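1. Sharing a model prediction with you, sequence too.
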Amino acid sequence: MQNGVIKLAPSILAADFCRLGEQVAEADQAGADRVHVDVMDGHFVPNLSMGAPIVQSLRRVTRLSLETHLMISDPDFFLDEFAEAGSDSFLVHWEGNNNLHRTVQRIKALGKRAGVAINPATPAAMLEEILPDLDQVLVMTVNPGFGHQHFLQSTLPKIRQVSQMIEQIKPECDLEVDGGIDEATAPLAVEAGANVLVAGTSVFAANKSVADAMEGLRDAILQIAH
């Protein structure tokens with residue numbers, strides 16, 4: 001594996017919100033590929049989190065791509081608001097979406113990258129029809145809603161399956177994983193085929209600087225190449 005192939009997407013859900021701009025700037029300087037913004041509505045997942053004003057604030061302090069993960073019911077109602085705030089890409093869930101194709105086409109019409117996320121209990125096969133329209137797929141490696149969760153090893157075969165589907169149907173599509181990614185689990189996800197790693201706790205809540213935490217993740221991934 002060549003250095004630089006794997007992209008890191010620090011998740012601000014685990015950041016210190018008193019120092020959010022500063023920590024995102026640190027991640028930017030440390031070579032993050034994008035910033036992952038978890039949006040939760042208390043309905044689709046049992047938690048509440050940030051809205052479009054956070055994206056608007058981040059847009060002023062970073063040139064990194066702002067990836068907005070909509071863990072919400074009826075994401076269609078919020079796409080325009082987040083796009084105007086500065087979101088560069090959207091991840092919407094396969095689960096509970098009345099018309100996923102329409103949602104994806106709306107994201108494309110806004111000129112944004114479109115991705116679909118699937119929860120641990122959702123089979124990879126559910127992506128087959130929508131995959132040609134996607135720029136990325138996100139396989140959740142925990143049940144969505146909270147940070148600080150442990151990586152579900154049972155998702156590894158699904159990551160491999162999605163990787164094979166992407167290779168056959170749309171090779172340029174990113175395969176992203178989210179949940180419990182740290183120095184121990186990142187190599188497992190990469191070996192299974194992921195090329196984008198969302199990492200929250202292991203980047204922002206580690207007992208080290210953001211730059212050192214990200215370097216630790218990269219070093220762990222590089223070990224599997226040797």
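-> On my side now, so go ahead.
2. what helix or strand is the residue nearest the centre of the chain on?
-> A centroid search over the chain (C-alpha atoms, centre = their mean) returns Val198, at 4.9 Å, as the residue closest to the centre. Following DSSP states H and E, one finds Val198 within strand 196-199.
3. Can I get that strand as CSV, trimmed to CA atoms?
-> C-alpha atoms of strand 196-199 as CSV (Å, rounded to 0.1, in the frame of the first residue of the first chain):
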residue,chain,number,x,y,z
VAL,A,196,-11.6,6.6,3.8
LEU,A,197,-11.6,6.4,7.6
VAL,A,198,-13.8,8.5,9.8
ALA,A,199,-12.1,8.9,13.2
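4. any residues touching it, and which ones?
-> The contact list for strand 196-199 (C-beta atoms under 8 Å, 6 or more residues apart in numbering) reads 6-11, 33-34, 36, 136, 138, 174-179, 181-182, 186, 189-190, 214, 217. Glycine gets a C-beta too; all of them are placed from N, C-alpha and C.
5. average model confidence for that strand?
-> The average pLDDT for strand 196-199 rounds to 97.
6. same thing with stretch 172-188?
-> So the average pLDDT for stretch 172-188 ends up being 97.
7. do the same with stretch 89-101
-> Per-residue scores along stretch 89-101 average to 94.
8. circling back: please name the strands paired to the strand holding Val198 in the sheet, noting orientation.
-> strand 7-10 (parallel), strand 174-178 (parallel) (DSSP bridges).
9. And the helices in this structure?
-> Ranges of helices within the chain are 20-29, 52-59, 79-85, 100-109, 156-169, 186-192, 201-204, 210-223, based on DSSP state H.
10. okay, now the closest residue to Gly180 other than its chain neighbours: neighbour count?
-> Distances taken as C-beta to C-beta, 6 or more residues apart in numbering place Phe151 nearest to Gly180, at 3.1 Å, with adjacent residues excluded. By other C-beta atoms under 10 Å, the residues close to Phe151 number 19.
11. ok, Phe151 - contacts?
-> Thr141, Val142, Gly179, Gly180, Ile181, Asp182, Thr185, Leu188, Ala189.
12. Do I have it right that the fourth one meets Asn143?
-> In this case it means Gly180. No. Using C-beta atoms under 8 Å as the test, Gly180 is too far from Asn143 to be in contact (10.6 Å).
13. okay, the two: which has more neighbours?
-> Between Gly180 and Asn143, counting by other C-beta under 10 Å, Gly180 is the more crowded of the two (24 against 14).
14. Now do the contacts for the more buried one.
-> Listed by C-beta under 8 Å, 6+ apart, the contact set of Gly180 reads Thr141, Val142, Gln149, His150, Phe151, Leu152.
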